[in-house]
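Undergrad: Starting from these lines, generate the structure:
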Amino acid sequence: MKRTLLMLLLGTVFYSSKAQKFYLQPTEKNVEQKVREKMDYDGYKLVKDEKDADYKVECLIQTVSTLNMRYKGYIRVTNLKTNEEIGRTKQLSKKATAFRGYNAANAIFKNLAEDELDDILKQCKP
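TA: Here you go, the predicted structure:
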């Protein structure tokens, strides 16, 4: 029993040391918070400094129309060692409504993180 427990513990330590590290690029209005929560929940290792990371995750958003307050955004994952794009989510468009607190970015990145981000992160090799 002790031997099995020791092997399990050593395997966990070895596996976590080989795990890839992700840097979630901060945004001006902290819209990446929903993505951070999802990555933490799924067990991905997030680092605070880009130099320590293997991959960079960016939350990109732009205004489509200022008249009706429509925004579109997507999440992009880049390998920092090769500077190659691993993948990106589809672009999602939402309106900033009173129900959303006039902030469409949180709704966009929450939906993208829950629906598509995990498939892209699984492509990242340790």
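
Undergrad: From now on I want contacts and neighbour counts done on CA atoms only, so please keep to that.
TA: Will do.

Undergrad: mean confidence for the helix or strand that contains L60?
TA: Secondary structure from DSSP states H and E places L60 in strand 55-65. In this model, strand 55-65 carries a mean pLDDT of 92.

Undergrad: Tell me the first helix or strand C-terminal of that strand.
TA: Criterion used, DSSP H and E; the element after strand 55-65 is strand 70-79.

Undergrad: and the helix or strand following that following strand, average pLDDT?
TA: For strand 70-79, the following helix or strand on the C-terminal side (DSSP H and E) is strand 84-88. Mean pLDDT, strand 84-88: 95.

Undergrad: Walk me through which strands strand 84-88 pairs with, and which way each runs.
TA: With DSSP bridges as the test, strand 84-88 is paired with strand 70-79 (antiparallel).

Undergrad: that older thread, what's the angle between the strand holding L60 and strand 70-79?
TA: Here the directions of strand 55-65 and strand 70-79 differ by 160 degrees (axes from the mean of the first three to the mean of the last three C-alpha atoms, to 10 degrees).
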